[in-house]
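In: Need the 3D shape of this:
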Amino acid sequence: MKMMINKYEPVYQQAYKVIRNMIIQGSLPPGTKLVEGKLSLQLGVSRTPVRESIRRLEQEGLVREKTVIKPSEHDLRNSYEIRIL
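Out: Next up is the predicted model:
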């Protein structure tokens, strides 16, 4: 699945959105190891935007140590409370 690159939005943000949607939709189920090289080939971008996307997903709590996790209800509640603030 190659991305359609929008030149008005940074590539790492576009890659982030695609990877995040893949996690939410279940294309990347919990326990899946995120490999930068594989994802970069799949998305048609370099490894740098994929690396930045994975870091952002780790900050959001969807990924831990480059592995997709299944957040608990408590984790989800905390992340949304922080966003509200």
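In: For the protein, which residues score under the pLDDT cut-off?
Out: Residues of the chain that meet the criterion pLDDT under 70 lie in 1-7, 71, 75-76, 79-80, 82-83, 85.
In: can you give me the strands in it?
Out: Secondary structure of the chain (DSSP state E): strands located at 63-64, 67-68.
In: Out of the ones you listed, which gets nearest to residue 27?
Out: strand 67-68 (10.0 Å; C-beta to C-beta). To be clear about C-beta, it is placed using only N, CA and C from the backbone, and glycine gets the same treatment.
In: now that closest one, how far from the centre of its chain.
Out: The chain centroid and the centroid of strand 67-68 are separated by 9 Å, computed with C-alpha atoms, centre = their mean, to the nearest Å.
In: ok, now stretch 29-46?
Out: On C-alpha atoms, centre = their mean, the centre of stretch 29-46 falls 9 Å from that of its chain.
In: and what of stretch 8-26?
Out: 6 Å.
In: Keeping just the C-alphas, turn it into PDB.
Out: Presented in PDB, the C-alpha positions along stretch 8-26 are these (Å, rounded to 0.1, in the frame of the first residue of the first chain):
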ATOM      1  CA  TYR A   8       1.700  20.400   1.900                       C
ATOM      2  CA  GLU A   9       1.900  18.100   4.900                       C
ATOM      3  CA  PRO A  10       5.200  16.700   6.400                       C
ATOM      4  CA  VAL A  11       5.800  13.100   5.300                       C
ATOM      5  CA  TYR A  12       6.300  11.900   8.900                       C
ATOM      6  CA  GLN A  13       2.800  13.100   9.800                       C
ATOM      7  CA  GLN A  14       1.300  11.300   6.800                       C
ATOM      8  CA  ALA A  15       3.200   8.100   7.700                       C
ATOM      9  CA  TYR A  16       2.000   8.500  11.300                       C
ATOM     10  CA  LYS A  17      -1.600   8.700  10.200                       C
ATOM     11  CA  VAL A  18      -1.300   5.700   8.000                       C
ATOM     12  CA  ILE A  19       0.400   3.500  10.600                       C
ATOM     13  CA  ARG A  20      -1.900   4.700  13.400                       C
ATOM     14  CA  ASN A  21      -4.900   3.800  11.200                       C
ATOM     15  CA  MET A  22      -3.400   0.400  10.500                       C
ATOM     16  CA  ILE A  23      -3.100  -0.200  14.200                       C
ATOM     17  CA  ILE A  24      -6.600   1.000  15.000                       C
ATOM     18  CA  GLN A  25      -8.200  -1.000  12.100                       C
ATOM     19  CA  GLY A  26      -6.300  -4.200  13.100                       C
END
